[in-house]
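# could you work out the structure for the sequence below:
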Amino acid sequence: MKTTFRTIFCLTFLIFNGSVSQNRPLQLASIFTDSMVLQQQREVAVWGTGAIGKRINLETSWKTTASAVVDSGGSWSVKLKTVKAGGPYQVTVSDGDTTLTLHDVLLGEVWLCSGQSNMEMPVEGWPPANPVMNSDSEIANAKYPNIRLFGMKRAYSVDPEYSCDGRWTECTPENVRTFSAAGYFFAKTLYQKLNVPIGLIHASWGGTAIESWIGKQDLGTIDAYRAILQKMEDSRDSIVVLNKWNVAHPAIKLNGRKPENRWLGLDFSDSACSTKEFNDSLWKEMRLPTVWERTEMGEFDGAVWFRKQVALPSSWHGKDLILSLGPIDDMDETYVNGVMVGSHLTEGMYDVPRTYSLPAKVVQDSIVHVAVRVLDYGGNGGIFGKPEELQLKRADTSLSIPLAGNWKYLPVAEYRSSIFYVYGYKGQEYFKRPKVPIDFSGNSPTTLFNGMIFPLVPFTLGGVLWYQGEANVGNPEMYASLLPMMIKEWRSVFQNAELPFFYVQIAPYKYDSLSHSEFLREAQLKTLSVKNTGMAVTLDIGDPNSIHPADKQDVGKRLALLALAKTYHQKKITFSGPAFRSIKVKKNVAVLTFENTGRGLVLKEDSSGSGFQIAGEDRQFKNATVSIKGSTLLVSSPGILHPAAVRYAFTNAPAATLYNREGLPASSFRTDTWPR
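Model prediction:
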């Protein structure tokens, strides 16, 4: 994206905020803070805003200078030459009246880490359901002052944003705890090998699809997205109205709160909603279990109360009971007759079934009042398990009362960009919320490009790490076009046509029967045809029962191997597992050849076999017998005389069996192009 576009946007931004004037104070873009890392031995972009016509002078303690004049849009931008890795340095910016100084600046290698929840997953994990392997010891030993971390807060926008919320910090146990695990383990490996400062910019959002991370200019060239992009454009005025309505309410900012206390003690003027006597007759009803995005609520992040009255048999009065609600996305506080019986108020709890004990003293009447406050901070929200998971049980018998069905509900606060806008319960304020013709969220096309990528443009990067795809398993054919498109676009906006782009292939997982993640993995495999890309295969370090595998160490190390070999040109590094190259048929045997075999192929068959299947022209695949011959595999099956195709690990949740002797796994692949 050209500098002129940023200038035009900046002008629009400043006019909207009433700030274009000769007296506008000098400011740097929000990515530039103390303790940052700039890309070494480059002409790096530095930009900001100021008073129109002012000359901006930059001077560094590594003896480089640059200058620019603030343009009619109130913005300025320079290219600043950097030297080889080192520091700490200072960068001084002055307009003659105001002087800004950046302290503790390092020169080194800067990488942008982005994607969905597996990139977002912090080094501490989301225990207990989603831990990171050896997280306690990893955190305790994360003392690397020359690794610097910039963690961006979640933000989505209908328009490109100029600024973002984040700051640079040193890599310490406290700071790394909530930072991207995959990113950190990449940086740690890179630092140990290169011994230069490493800067990581982390911009990810769990559960989001790739189309959210692509800009309108490129995504609009695809027919499938034109209608929704036009609808978003047509909804612009109503979105502005909704935003103004939201910000008129009291706000609770979560920025600055310590992670362990972030979701505790939030007062949404709603405490009465938990009580036994509360009158919820004017609330609307929602049939549970469900995620509320599938109801009339549509896209919504925030706090929602659910209430239900349950009639008890007389024999249950004064007895210990058990309340089961199934999983709740994301967090909850649960009350019975006004007494809190349990809560989950830490991140990563979205798939943990809620089971709470009700002491006999709480159960004294013929009716119990169940009240649940659900907090959702992104993606789907709600009480969403299976109907049979929602029940009230008597602790000393097998008797139960089903709770699936209609519940009263009321949203009491909306969550946007780390801020809760508080509606409270009085007057059912939420139901007066201005209507928008289209659901608009971090999962809407272009919104995360606008809110989390554009604010970084055109910061000079050493490369990009991408871990995403789980949200797109339902449409892998489109992903095969979208991923290369996004790579091309990001290279354009960051002004580097050969910007290294390394990504993680999604791991095996037991998706539902409608999802075919093997085709999504295939789309990722095909993207290796794009120049200067690389893919870290995770076929052997996934968990079929968890979409968030615990082994993020190997993810980071494998991404680092790609960077060391492809970007930093270190010799004798095996950076990939075996990669399928060709197939030839000799009589009844399919002969497969591979690249990246390293010191040789290894086949580790498990209890389910080799993972290879073979088919004839009838397209009926059968389990295959496989043997290794040099850098080739010989694949056959007694019932197939004329092989036509071979597939390896081509299911949702396969086991890895094919490796090179360096221990790196092959990607799943197929030799055919047959339809699903």
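
# okay, domains of this structure per the record?
Following automatic domain parsing, one finds the domains of the chain at 3-225+444-567, 264-432, 579-670.

# just these: most buried one?
domain 3-225+444-567 (a mean of 20; mean count of other CB atoms under 10 Å). From N, CA and C alone the C-beta is placed, and that goes for glycine too.

# using CSV, lay out the domains of the chain together with distance to Lys244 and mean pLDDT.
CSV is the format used below for those (distance: least, CB to CB, whole Å; pLDDT from 0 to 100):
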stretch, distance to Lys244, mean pLDDT
domain 3-225+444-567, 12, 93
domain 264-432, 11, 95
domain 579-670, 45, 95
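
# got the ones you listed as a markdown table, with distance to Asp237 columns?
Putting the domains of the chain into a markdown table (distance: least, CB to CB, whole Å) gives the following:
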| stretch | distance to Asp237 |
| --- | --- |
| domain 3-225+444-567 | 11 |
| domain 264-432 | 18 |
| domain 579-670 | 43 |
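
# out of these, which gets nearest to Ala251?
Across the domains of the chain, Ala251 has its closest neighbour in domain 264-432 (5.3 Å, CB to CB).

# ranges for the strands of the stretch 1-150 of the chain?
Counting by DSSP state E, counting those that start in this stretch, one finds strands in the stretch 1-150 of the chain at the ranges 27-28, 37-39, 43-49, 55-60, 65-69, 75-81, 86-94, 99-115, 144-151.

# want to throw the ones you listed into CSV with distance to Ile383?
Converted to CSV, these look like this (distance: least, CB to CB, whole Å):
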stretch, distance to Ile383
strand 27-28, 45
strand 37-39, 44
strand 43-49, 46
strand 55-60, 54
strand 65-69, 55
strand 75-81, 47
strand 86-94, 50
strand 99-115, 28
strand 144-151, 30
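
# Thr538: which of the ones you listed is closest?
Comparing the strands of the stretch 1-150 of the chain by CB to CB, strand 99-115 comes nearest, at 12.9 Å.

# list the neighbouring strands of the closest one plus their orientation.
strand 37-39 (parallel), strand 86-94 (antiparallel), strand 198-204 (parallel), strand 463-467 (parallel) (DSSP bridges).

# how far does it sit from the chain's center?
With CA atoms, centre = their mean, to the nearest Å as the basis, strand 99-115 stands 22 Å off its chain's centre.

# repeat for stretch 420-430
29 Å.

# cool, stretch 621-634 as well?
Worked out by CA atoms, centre = their mean, stretch 621-634 lies 37 Å from the chain centre.

# got a list of contacts for that stretch?
589-594, 597, 600-603, 605, 609-610, 612-615, 635-640, 645-647, 658 (CB atoms under 8 Å, 6 or more residues apart in numbering).

# can you give me the pLDDT of Val436?
Val436 carries a pLDDT value of 89.

# please report how far it lies from Ile239.
6 Å (CB to CB, to the nearest Å).

# one more: Ala523?
Counting by CB to CB - Ala523 and Ile239 are separated by 32 Å.

# next: Lys386.
36 Å.

# with Thr597 instead?
Thr597 is 54 Å from Ile239, by CB to CB.

# export stretch 484-493 as PDB, just CAs?
Extracted as PDB, the C-alpha positions of stretch 484-493 are listed here (Å, rounded to 0.1, in the frame of the first residue of the first chain):
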ATOM      1  CA  PRO A 484      -1.500 -16.700  -1.200                       C
ATOM      2  CA  MET A 485      -3.500 -13.500  -1.600                       C
ATOM      3  CA  MET A 486      -2.900 -12.500   2.000                       C
ATOM      4  CA  ILE A 487       0.900 -13.100   1.600                       C
ATOM      5  CA  LYS A 488       1.000 -11.000  -1.500                       C
ATOM      6  CA  GLU A 489      -1.000  -8.200   0.100                       C
ATOM      7  CA  TRP A 490       1.100  -8.100   3.300                       C
ATOM      8  CA  ARG A 491       4.300  -8.000   1.300                       C
ATOM      9  CA  SER A 492       2.800  -5.100  -0.600                       C
ATOM     10  CA  VAL A 493       1.700  -3.000   2.400                       C
END
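
# can you list contacts of it?
1, 210, 213-215, 217-219, 222, 453-454, 457-458, 464, 497-499, 501, 527, 530, 533.

# ok, Arg236 - how many residues close by?
Arg236: 12 surrounding residues under other CB atoms under 10 Å.

# need phi/psi at it.
Reported as degrees, to the nearest 10, the phi and psi values for Arg236 are phi -50, psi -50.

# look up how far Ile438 lies from the nearest residue to it once chain neighbours are set aside.
Leaving aside its chain neighbours, Arg236 sits nearest to Val158 (6.3 Å; criterion: CB to CB, 6 or more residues apart in numbering). To Ile438, Val158 is 10 Å away according to CB to CB.

# which of the three states applies to Thr527?
helix (DSSP: H, G, I helix; E, B strand; the rest coil).

# doesn't Met535 make contact with it?
Yes - using CB atoms under 8 Å as the test, Thr527 is close enough to Met535 to be in contact (7.4 Å).

# need the residues touching each of these two.
Tyr503.

# just checking, Gln90 touches Trp62?
No - taking contacts as CB under 8 Å, Gln90 lies outside contact range of Trp62: 9.2 Å.

# for the helix or strand containing Glu170, which strands pair with it and how are they oriented?
In this assignment (DSSP states H and E), Glu170 forms part of strand 168-171. Its sheet considered, strand 168-171 pairs with strand 144-151 (antiparallel) by DSSP bridges.

# roughly how far does Glu43 sit from Val70?
20 Å.

# try Leu603
Leu603 is 64 Å from Val70, by CB to CB.

# repeat that for Trp126.
Per CB to CB, Trp126 is found 45 Å from Val70.
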